[in-house]
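S.K.: Need a 3D model of the following:
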Amino acid sequence: MAGSSHGHTPAAWTGVIIAFIGFCVAGAFMVMAQPLGFWAGMVIVVLGGVVGMIMRSMGLGQPKETGQITHLTTATPREPVTAES
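M.R.: Predicted coordinates for the structure are as follows:
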């Protein structure tokens, strides 16, 4: 993933941070046995996904043409690893 810049965009970071806050809110209210607060946290999680998609459509995400994975072949083939006893 490091070679493909997966998730290194403002849209991805913002969406994940909002979803993480929603999970924290939902978890806290679940421990406190407050169903309404739990579902409010789950709404925040979904909101994180929506915000991420909106930001991506505004051009703050990874372009589609650079998101494709290309496989490079090496000139010299590797030898298989064997176990020695």
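
S.K.: all strands of the chain, in order?
M.R.: Taking DSSP state E, the chain contains no strands at all.

S.K.: how near is residue 37 to residue 28?
M.R.: Note on residue 37: its distance to residue 28, by CB to CB, to the nearest Å, is 7 Å. C-beta: built from backbone N, CA, C; applies to glycine.

S.K.: pLDDT on stretch 20-38, on average?
M.R.: Across stretch 20-38, the average pLDDT comes to 95.

S.K.: Can you list the buried residues in that stretch?
M.R.: 22, 25, 26, 29, 38 (16 or more other CB atoms under 10 Å).

S.K.: Who are the contact partners of the fourth one?
M.R.: Spelled out, that is residue 29. When contacts are counted by CB atoms under 8 Å, 6 or more residues apart in numbering, residue 29 touches 35, 36, 37, 38, 40, 41.

S.K.: Let's have these in JSON lines, adding distance to residue 53.
M.R.: Shown next, in JSON lines, are these (distance: CB to CB, whole Å):
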{"residue": "35", "distance to residue 53": "28"}
{"residue": "36", "distance to residue 53": "26"}
{"residue": "37", "distance to residue 53": "25"}
{"residue": "38", "distance to residue 53": "24"}
{"residue": "40", "distance to residue 53": "21"}
{"residue": "41", "distance to residue 53": "20"}
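
S.K.: Could you list the residues in contact with stretch 31-47?
M.R.: For stretch 31-47, contacts defined as CB under 8 Å, 6+ apart pick out 18, 19, 21, 22, 23, 24, 25, 26, 27, 28, 29, 30.

S.K.: hmm, 10 Å instead?
M.R.: Outside stretch 31-47, the residues that touch it by CB atoms under 10 Å, 6 or more residues apart in numbering are 15, 18-30.

S.K.: From residue 28, how far out is the closest residue to residue 52 other than its chain neighbours?
M.R.: Using CB to CB, 6 or more residues apart in numbering and skipping residues adjacent in sequence, the residue nearest residue 52 is residue 15, 2.5 Å away. Counting by CB to CB, the gap from residue 15 to residue 28 is 21 Å.
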